[in-house]
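Novice: Quick check, what structure comes out for this input:
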Amino acid sequence: MRFSTPTIAYLASALALALLPQAARAGITAFSGNTCDGAAGLDVPCDGSCHQFNGRHSFRVDGGSGGHCVTMFEDPNCAARAEGRMFTFTNQDGGCQNVNTGKGIQSFLCSSNNICLV
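Specialist: The predicted structure is shown next:
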């Protein structure tokens, strides 16, 4: 079997891309327990989109992805309508964060860095 030079170059570049480390893309998982235990929710991206948190009491942002800001809301649609209805947690990177705010947290946003979205 003979390969042409462009074919070999293409295969070599595809192999190199497959072996290079990929940029860390953080996700966040919420849990029903207080210490990232109990039932786990979906691993959703830290991309600024609104996600539900009802019935959850802790969360973890994927480790090794750098600092992230997670903003929690009493509102189910990530709306901060009045003072004291949202809570921010910065420097989230792999550790478990208990969400003991004394309020019923319904939704959250996770930013891809430590700059909070609200």
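Novice: Quickly list what Lys58 is bridged to.
Specialist: That one is not Lys; residue 58 is Ser. On the basis of DSSP bridges, Ser58 is bridged to Phe31, Asn98.
Novice: Look up how far Thr101 lies from it.
Specialist: Distance of Ser58 to Thr101, computed by CB to CB, to the nearest Å: 12 Å. Glycine gets a C-beta too; all of them are placed from N, C-alpha and C.
Novice: These two: which is more packed in?
Specialist: A count of neighbours by other CB atoms under 10 Å puts Ser58 above the other of Ser58 and Thr101, at 19 against 12.
Novice: Okay, now the unreliable bits of the chain?
Specialist: Along the chain, the model assigns pLDDT under 70 to residues 1-25, 82-84.
Novice: Would you state the strands of it in chain order?
Specialist: 27-31, 44-45, 50-52, 58-61, 70-73, 86-89, 96-98, 107-110 (DSSP state E).
Novice: mind listing what's buried in stretch 51-70?
Specialist: For stretch 51-70, burial by neighbour count (16 or more other CB atoms under 10 Å) applies to 51-53, 56-62, 65-66, 68-70.
Novice: Report how many residues lie close to Ile28.
Specialist: The number of residues packed near Ile28 is 24, by other CB under 10 Å.
Novice: Now do the contacts for it.
Specialist: Contacts for Ile28 (CB atoms under 8 Å, 6 or more residues apart in numbering) come out as 43-46, 51, 59-62, 68, 70, 92, 108, 110.
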